[in-house]
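Asker: I need the structure of the sequence given here:
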Amino acid sequence: MSVHSLKRVVLGVAVALGAAAVSAAQPPASPKVAPLDGPAVAGVCLLSREAIVAHAKVGVAASARLNQLAQQAQAEVDAQRKPVDADVQKLRAQAASLKPDDRMKQEQALAVRMQQVQQLNTQRSREIEITREKATGRIAELAQPVIANVYKNKGCGLLLDRNAVLGGNMSNDLTAAVVQGLDASVTTISFERESLPANGGQRSP
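Answerer: Presented below is the predicted three-dimensional model:
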């Protein structure tokens with residue numbers, strides 16, 4: 001057994017023992033609360049748009065694409081930050097041998113460069129967020145006719161957000177049927193990162 005494998009085993013045992021100790025120290029669990037059940041309400045249906053985006057194939061593909069774009073953006077920021085960090089370390093090592101005026105000038109120059117890195121990071125973060133919003137909006141548009149079709153076929157007269165329901169009979173939840181219908185019509189969408197002016201990611205008034 002390697003050292004790393006041994007560490008994992010020891011850590012697993014420690015976690016298990018710790019969990020057992022906490023469990024033993026805790027008072028007995030309170031009785032389970034009876035579920036809020038009842039008859040299905042005719043015409044009242046439920047839907048979770050978040051679950052549609054999370055589980056439909058097009059949503060999964062969009063999430064993977066967003067992660068890819070976010071990694072590319074982070075790599076760009078890191079590439080600009082690394083030389084600045086290196087120069088900061090170099091200045092720290094030479095600070096004692098520099099004249100105060102020279103040290104101040106270099107510090108000011110580095111501060112400007114670091115601010116540029118921070119602005120780029122803010123801009124790329126905002127661009128990724130806008131890209132996510134637009135991708136989610138496109139998926140919502142693609143899902144709308146599927147929702148309407150399932151809604152009609154189920155004989156619904158009222159559609160509620162499933163996440164806002166505290167309890168009750170959930171048999172009229174349309175989410176799974178909408179995911180299935182959306183998967184049958186589209187599995188992916190193509191998009192690139194949205195671009196903003198190079199002003200720190202802030203929109204002009």
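Asker: what segments of this structure are strands?
Answerer: Using DSSP state E, the strands of the chain run over 44-47, 158-161.
Asker: so which elements touch the longest helix anywhere in the chain?
Answerer: When the chain is parsed with DSSP state H, its longest helix is helix 100-153. Judged by 3 or more C-beta pairs under 8 Å, 6 or more residues apart in numbering; DSSP states H and E, helix 100-153 is in contact with helix 49-55, helix 57-94, helix 175-185. Any C-beta I mention is one placed from the backbone N, CA and C, and that applies to glycine too.
Asker: could you check the pLDDT of P27?
Answerer: Model confidence at P27, expressed as pLDDT, equals 52.
Asker: swap that for V112, sorry
Answerer: 96.
Asker: got it, and A177?
Answerer: Looking at A177, the pLDDT reads 97.
Asker: could you report the pLDDT at the residue lying closest to it once chain neighbours are set aside?
Answerer: Leaving aside its sequence neighbours, A177 sits nearest to V150 (C-beta to C-beta, 6 or more residues apart in numbering; 4.8 Å). At V150, the pLDDT value in this model is 97.
Asker: and stretch 131-149, what's buried?
Answerer: By 16 or more other C-beta atoms under 10 Å, the buried positions in stretch 131-149 come out as T131, R132, A135, T136, I139, L142, A143, V146, I147.
Asker: got a list of contacts for that stretch?
Answerer: Contact with stretch 131-149 is made by 47, 49, 52-53, 56, 58-59, 62, 65-66, 69, 159, 174, 178, 181-182, 185-186, 189, 191-194, as judged by C-beta atoms under 8 Å, 6 or more residues apart in numbering.
Asker: I'd like the distance from it to the chain centre, please.
Answerer: 18 Å (C-alpha atoms, centre = their mean, to the nearest Å).
Asker: try stretch 52-59
Answerer: The answer for stretch 52-59 is 14 Å, by C-alpha atoms, centre = their mean.
Asker: in that stretch, what counts as buried?
Answerer: I52, V53, H55, A56, V58, G59.
Asker: right, and the strands of the chain - which one's nearest K90?
Answerer: Between K90 and the strands of the chain, the tightest spacing by C-beta to C-beta is seen for strand 158-161, at 55.7 Å.
Asker: Provide the strand pairings for that closest one, with the direction of each partner.
Answerer: strand 44-47 (parallel) (DSSP bridges).
Asker: please save the CA atoms from the partner strand in CSV.
Answerer: Extracted in CSV, the C-alpha atoms of strand 44-47 (Å, rounded to 0.1, in the frame of the first residue of the first chain):
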residue,chain,number,x,y,z
VAL,A,44,-53.4,22.5,-11.1
CYS,A,45,-50.0,21.5,-12.5
LEU,A,46,-46.4,22.1,-11.4
LEU,A,47,-43.2,22.8,-13.2
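Asker: contacts for that strand next, please.
Answerer: Contacts for strand 44-47 (C-beta under 8 Å, 6+ apart): 147, 151, 154, 156-162, 165, 170, 172-175, 178.
Asker: how does it look with 7 Å?
Answerer: Applying C-beta atoms under 7 Å, 6 or more residues apart in numbering, the contact partners of strand 44-47 are 147, 151, 154, 156, 158-162, 165, 170, 172-175, 178.
Asker: between these, which has the most around it?
Answerer: V178 (25 neighbours; other C-beta atoms under 10 Å).
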